[in-house]
Every structure is written in C-alpha cells, then in structure tokens.
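> A predicted structure for the sequence below; I have some questions about it.
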Amino acid sequence: MKAEYDFSKGERGKFHRGGAALASPVHLDAEVLNFLAKRAKMRGITLDELVNSLLKKDIELIQAAE
C-alpha cells in the first residue's frame with residue numbers, strides 16, 4: 001500500500017445510486033441446500049423459485065396468525 005494517495009481529482013458520489021437495492025446473500029446448511037436442490041430439480045424449477053415459493057407460504061401463515 002502506498003503511504004499516501006492523491007484524491008485531488010476524485011469526484012464525490014460518482015458511483016452512488018440512490019435507491020439501489022442490495023441482494024443479501026443467504027447461506028444455507030449443506031443438508032438444507034441439497035434437499036431443496038433435489039426438490040427443485042424434481043419440480044423442474046430453479047432453486048430460487050422453490051425457496052421464494054416456500055418463504056412466501058411461510059409469510060402468509062405468519063400474517064394469518066397475527
């Protein structure tokens with residue numbers, strides 16, 4: 001690493017994008033991932049589609065119980 005960096009030609013906020021959404025990484029246990037991957041393959045859908053479907057059903061159940 002350099003002792004000093006020259007930021008005199010830097011432009012503040014050049015790469016800032018207001019309202020940009022960040023995708024949070026989700027880490028699944030290996031056994032959960034394997035199970036869900038097999039189920040998704042059996043159904044002919046992607047793992048993302050299966051996980052989103054399952055989570056949406058859980059959300060509906062939680063909201064119904066409130």
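Here it is on my side, so go on.

> tell me if I'm right that Leu47 and Leu36 touch.
Yes - using C-beta atoms under 8 Å, Leu47 is in contact with Leu36, at 6.1 Å. Just so you know, the C-beta spots here come from the backbone N, C-alpha and C atoms, and that holds for glycine as well.

> which parts of the helix ranked longest in the chain are buried?
Counting by DSSP state H, the longest helix found in the chain is helix 47-65. Judged by neighbour count using 16 or more other C-beta atoms under 10 Å, the buried positions of helix 47-65 are 50-51.

> and for stretch 5-24?
Buried residues in stretch 5-24 (16+ other C-beta under 10 Å): none.

> quote the end-to-end distance of that stretch.
One end of stretch 5-24 to the other measures 32 Å (C-alpha to C-alpha, to the nearest Å).

> which residues touch Glu60?
Contacts for Glu60 were tallied using C-beta atoms under 8 Å, 6 or more residues apart in numbering; there are none.

> helices or strands next to the helix or strand encompassing Leu36 in the packing?
Using DSSP states H and E, Leu36 falls within helix 30-43. Applying 3 or more C-beta pairs under 8 Å, 6 or more residues apart in numbering; DSSP states H and E, we find helix 30-43 packed against helix 47-65.

> now do the helix it packs on against helix 30-43, angle only.
100 degrees (axes from the mean of the first three to the mean of the last three C-alpha atoms, to 10 degrees).

> any idea of the mean pLDDT in helix 47-65?
The average pLDDT for helix 47-65 rounds to 97.

> stretch 4-24 too?
Computed over stretch 4-24, the average pLDDT equals 92.

> how far off centre is that stretch?
Chain-centre distance of stretch 4-24: 22 Å, with C-alpha atoms, centre = their mean, to the nearest Å.

> quick check: end-to-end length of that stretch?
34 Å.

> one more: stretch 5-22?
29 Å.
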